[in-house]
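Trainee: Take a look and give me a structure for this.
(one chain, ligands or ions: 2)
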Amino acid sequence: MSHFFDKTDSPYIIAGPCSIESRTQFSESVEALSQIAEVSMIRCGVWKPRTRPGDFEGMGEEALRWIAELRPRYPHLRFAAEVASPAHLELCLKYGIDAVWIGARTSGNPFSVSELCEAMRGVSIPVLVKNPLIPDIKLWAGAIERVRNAGIADVAAVHRGFYLDNNLGYRNNPLWKIPIELKRQPPDLPLFCDPSHICGKAELVAKVAQTAMDLSFDGLMIETHPVPADALTDARQQLTPLQLSQLIAELRIPVKGNALPDEMQLLRHEIDTIDEELLQLLLQRNSVSLKIAEIKRANNLSVLQLDRWERLLQSHLAQAEAMGLSAEYVRRIFEEIHAESVRLQNEALHKE
Ligand code: PEP
Ligand code: MN
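Mentor: Residues are numbered from 1 along each chain as shown. Ligands and ions are numbered 1, 2, ... in the order given. Got it, this is the predicted structure:
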């Protein structure tokens, strides 16, 4: 087990801006975060992986200079940056960065991870490995194994959610059972949660941070910005330092008797997630149904089309039986769903 991230009875907190944007924005961030006793490490976005070209890609080496300049004033804080290539790592080492993380777009690429690991050989720096975008636990565990094989002693995993078709209203689907499964497998790694990239919205961050605590995560990585609305990247999900200190004050930390959440707790979170998913799907179904109402109106078609409903129901019942679900149960559910859809369409058609 890594000792670098050890904090026996409280979570290890990493906070800081998504991106370092200017010397002022960064120094204001660090000054404000230094006042929050629980914050141990500042996250420094130096190079930003952007989906499309032309967006702000980080300040690069200039940002590293600002970190090196500020660092002596805050001896109790550590500074971490994302690295995606050996060149990034070399620069981080040159400027005395305390720890690095491998981002979600890099950890899923074994070529990139191997190149980074070659550059890490013989270097002593803590490394955090974020989960890849796709929910393949082996890919995540493989990246971690490569880092360990490069001789890095302090390795931690960071759960930042997975980009799926249905993200439950989050930016990335938390799929809690994957990080917990990773934690169950040896070696015993510190497990962080990055609720900012899971949520995509500042107002959801506290809830996801609390779930991570309930599931015995060891730490949190949270994005903060002095004025989130002005942020050049991830403006919607960043908290102000004040909001972060409120979040920390309100966190309920379970007593760490067991290193892992018990089976029932985990299964309950799984049920919660499935229920959330069902609700999202029902909402999605309603919105498709309303689009159909528009087409029916334009073509003067009746709302209730019994032959279509009868075919749909029979096909669902056959599928349910094949899957091992009770046909009676599935019939009751679809009758309710269909009735609601008819009601919504009628309401839409008679609105004017
Ligand atoms: C980040 O932490 O700034 C980041 C880009 O996150 P992720 O790699 O999880 O998308
Ligand atoms: Mn970000």
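
Trainee: does the host helix or strand of Val158 come close to ligand 2?
Mentor: For Val158, the host element (DSSP states H and E) is strand 155-159. No: Strand 155-159 lies out of reach of ligand 2 by C-beta under 5 Å from the ion, never closer than 12.2 Å. All C-beta spots, glycine's among them, are computed from the backbone N, C-alpha and C.

Trainee: got it, and stretch 94-109?
Mentor: No: Stretch 94-109 stays clear of ligand 2 (C-beta under 5 Å from the ion), getting no nearer than 9.2 Å.

Trainee: Can you mark which positions in that stretch are buried?
Mentor: Of the residues in stretch 94-109, those buried by neighbour count under the rule 16 or more other C-beta atoms under 10 Å are 95, 97-109.

Trainee: Closest one of these to ligand 2?
Mentor: Gly103 (9.2 Å; C-beta to the ion).

Trainee: The buried residues of stretch 94-109 in helices, which ones?
Mentor: If you go by DSSP state H, the buried residues of stretch 94-109 have 104-107 in helices.

Trainee: and the helix or strand just after the strand holding Val158, C-alpha only, in PDB?
Mentor: For strand 155-159, the following helix or strand on the C-terminal side (DSSP H and E) is helix 177-184. Included here for helix 177-184 are C-alpha records, laid out as PDB according to Å, rounded to 0.1, in the frame of the first residue of the first chain:
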ATOM      1  CA  LYS A 177     -19.000  -1.500  -9.200                       C
ATOM      2  CA  ILE A 178     -15.900  -1.100 -11.400                       C
ATOM      3  CA  PRO A 179     -13.800   1.000  -9.000                       C
ATOM      4  CA  ILE A 180     -14.900  -1.200  -6.100                       C
ATOM      5  CA  GLU A 181     -13.900  -4.300  -8.000                       C
ATOM      6  CA  LEU A 182     -10.500  -2.700  -8.700                       C
ATOM      7  CA  LYS A 183     -10.100  -2.000  -5.000                       C
ATOM      8  CA  ARG A 184     -11.000  -5.600  -4.200                       C
END
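
Trainee: Report the rounded mean pLDDT for stretch 56-74.
Mentor: For stretch 56-74, the mean per-residue pLDDT is 97.

Trainee: Quick one: residues in contact with that stretch.
Mentor: 19-23, 26-27, 30, 34, 44-48, 50, 77, 79, 81, 91-92, 94-97, 232-233 (C-beta atoms under 8 Å, 6 or more residues apart in numbering).

Trainee: hmm, that stretch touching ligand 2?
Mentor: No: using C-beta under 5 Å from the ion, stretch 56-74 stays clear of ligand 2, with a minimum separation of 10.7 Å.

Trainee: of the contacts of stretch 56-74, list those near ligand 1.
Mentor: For ligand 1, the contacts drawn from the contacts of stretch 56-74 by C-beta under 6 Å from any ligand atom are Gly45.
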